[in-house]
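A.B. asks: 3D, please:
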Amino acid sequence: QLGRIYKAQKQWEEAFCPYERAATYLQLVQNTYAYPGVSQTFRESKENFYLDRADFLIQTARIANQEWHDLAKEQSLLNSAIQTIELLKETELQNYFQDDCITEKKFPKKEAESPKKLPVEIATKMAVLYIFLFDKRVELLLSSQNGNIQSFPVHEKTRSWVIQQAKNFAKKVGELSFQNKRRDSLGELGCNDINYTMEQKFEKCSFDERIDYRLERGELYNTFFPKDLVKTLDNKQIDTLIIVPDSELLGLPFAALWDGQKYLVEKYALAIAYNSKVGIYSLVPGTVQKTTTTLLNGLTDSINGAQTQLDDIETLVDARRPLLTDREFTVSNVGDQLKTGIYSVAHFVTHGHFEEGTPTGAYLEVYDNKKLTMDDLESFINFSIQEKDKPLDLLSLSACQSALGDKNSQLGLAGIAVKAGSHSALGTLWLVYDVSTTQLIIEFYKGLSQRSDSFAKALQQAQLTLLHPEKDGTENFLDPYFWAGFILVGGIE
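C.D. replies: Purely as a prediction, here's the structure:
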């Protein structure tokens, strides 16, 4: 409280020590009491404190630059703000799973295999963008290898406005509006009736060309990428971004943000992470190659294109038999394969659900309408890690749907990557169309195996293949609905 009083009075130096004492106390409680020893109210208060402390540190850093002319102090404060916000992200995951150890999963490889050392030509062209949403402003912190941490405040945008715009935008991008190719082709209810499958709609209907939300795309783009920030990225020749967003923005399809001429994915390869360290794994080239051992699973009977997808991926990587499809795609068989085999990639072609409010509602559909829960997946992969000291490099969920509800549900995919013990995870924000998904996923694995792309670069190129079909003759899947829902998130360190 004392720190907040000093902060409200703009007594920045006096506020510093109370904030530091509070941070030390919180860490002491964290180390002493685990779930369920500390109340949920305390844990939520801890989240609020970290956000408030980050706000204080950023404002003080600005004073250090503008009034004290102490650039070293400014950088120290901004670095502390980043550390604070990453503690906040870890706390959110711990609270979501009600497990203080969930973010402590670290399985370092041998030094020669460590993926944290990026080649110089990649490291110098990547940056980390932190997006803070405060009550009355947006704060953007940019960190890159060849420069100081830079702060870009956006004062005219409030937290509530940004959250609402992001939800509206995600909802609109994730839905298609159809119109009949001919009258009554789908009966009286028309093409947008929810009872018709996506395949029926594409067969009988055409979808509207959507321009109504370009303004929203532009507003959000300008909020997160103001001119000064874009100029800095251009000057540094940045082509890859790790975005560490406010948790309320985890459901936002960043790839579809529009600058008036291009989508964001046309400018940058993107990875989403709860801290910069876990995001690095998504940028390492050559992680997956032709010889990479991959477990392929899926429901080929109920998902169009699933068999084609699995067959094509099998030709691109070292897919270990047996492929688990349909009757063989059961909880016990998945467990047996993960426990007994050594896999770098686990690829699932099945529908999944990350429900609101609780991780216990998250599951993947397996044969006969059974559920492969995240606890199951964690148990299987952790067994493999303990026995073979080999975590997954990539958990790929190519036909899954992540809920666009409350903040906790949006922690879904990032949380699943952490809980399952995978360095990275590929998933979707909405229920995707099978045909376009198959094309995108195959292009993704081509990039990994044939060009030795990083996960982030492979996803970018796969999305661009759909966005620019004239380059290789693919079908018309230009609309962001088809490609922007795919996101790459960081998992364990």
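
A.B. asks: okay, CA-based contacts and neighbour counts for the rest of this
C.D. replies: Fine.

A.B. asks: Does the residue lying closest to residue 331 once chain neighbours are set aside lie in a helix or a strand, and which?
C.D. replies: Of all residues beyond its chain neighbours, the one nearest residue 331 is residue 372 (5.8 Å), with distances taken as C-alpha to C-alpha, 6 or more residues apart in numbering. Assigned by DSSP states H and E, residue 372 belongs to strand 371-373.

A.B. asks: repeat for residue 418
C.D. replies: Per DSSP H and E, residue 418 falls inside helix 412-420.

A.B. asks: ok so, going back, the strand holding residue 372 - contacts with which helices or strands?
C.D. replies: strand 363-365 (3 or more C-alpha pairs under 8 Å, 6 or more residues apart in numbering; DSSP states H and E).

A.B. asks: Go again with 10 Å.
C.D. replies: Helices and strands touching strand 371-373, by 3 or more C-alpha pairs under 10 Å, 6 or more residues apart in numbering; DSSP states H and E, are helix 331-340, strand 352-354, strand 363-365.

A.B. asks: Pull up the pairing partners for it, direction included.
C.D. replies: strand 363-365 (antiparallel) (DSSP bridges).

A.B. asks: got a list of contacts for the partner strand?
C.D. replies: Identification of contacts with strand 363-365 by C-alpha atoms under 10 Å, 6 or more residues apart in numbering yields 298-299, 329-331, 348-355, 370-377, 397, 399-401, 416.

A.B. asks: now do 6 Å
C.D. replies: Strand 363-365 is contacted by residues 351, 352, 353, 371, 372, 373, 374 when judged by C-alpha atoms under 6 Å, 6 or more residues apart in numbering.

A.B. asks: from the residues you listed, which is closest to residue 167?
C.D. replies: Distance to residue 167 across these (C-alpha to C-alpha) is lowest for residue 353, with 18.5 Å.

A.B. asks: Confirm for me that the closest one is in contact with residue 362.
C.D. replies: Yes. Between residue 353 and residue 362 there is a contact at 5.4 Å, judged by C-alpha atoms under 6 Å.

A.B. asks: Please parse this protein into its domains.
C.D. replies: 1-104, 152-268, 278-490 (automatic domain parsing).

A.B. asks: so which of those domains is the most packed in?
C.D. replies: For the domains of the chain, the largest average neighbour count (mean count of other C-alpha atoms under 10 Å) is found in domain 278-490, namely a mean of 21.

A.B. asks: Could you tell me the end-to-end distance of that domain?
C.D. replies: For domain 278-490, the first-to-last residue distance is 5 Å (C-alpha to C-alpha, to the nearest Å).

A.B. asks: how far does it sit from the chain's center?
C.D. replies: Offset of domain 278-490 from its chain centre (C-alpha atoms, centre = their mean, to the nearest Å): 13 Å.

A.B. asks: now do stretch 219-231
C.D. replies: With C-alpha atoms, centre = their mean as the basis, stretch 219-231 stands 20 Å off its chain's centre.

A.B. asks: And the contacts of that stretch?
C.D. replies: Contacts for stretch 219-231 (C-alpha under 6 Å, 6+ apart): residue 257.

A.B. asks: Return it as PDB; C-alpha atoms alone will do.
C.D. replies: The C-alpha coordinates for stretch 219-231 follow below in PDB (Å, rounded to 0.1, in the frame of the first residue of the first chain):
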ATOM      1  CA  GLU A 219      -7.000   0.100 -35.300                       C
ATOM      2  CA  LEU A 220      -5.600  -2.800 -33.400                       C
ATOM      3  CA  TYR A 221      -2.500  -2.800 -35.700                       C
ATOM      4  CA  ASN A 222      -1.900   0.800 -35.000                       C
ATOM      5  CA  THR A 223      -2.300   0.200 -31.300                       C
ATOM      6  CA  PHE A 224       0.300  -2.600 -31.100                       C
ATOM      7  CA  PHE A 225       2.500  -1.300 -33.900                       C
ATOM      8  CA  PRO A 226       2.600   2.500 -33.800                       C
ATOM      9  CA  LYS A 227       4.700   4.300 -36.300                       C
ATOM     10  CA  ASP A 228       7.800   4.700 -34.100                       C
ATOM     11  CA  LEU A 229       7.800   1.000 -33.200                       C
ATOM     12  CA  VAL A 230       7.500   0.000 -36.900                       C
ATOM     13  CA  LYS A 231      10.300   2.400 -37.900                       C
END
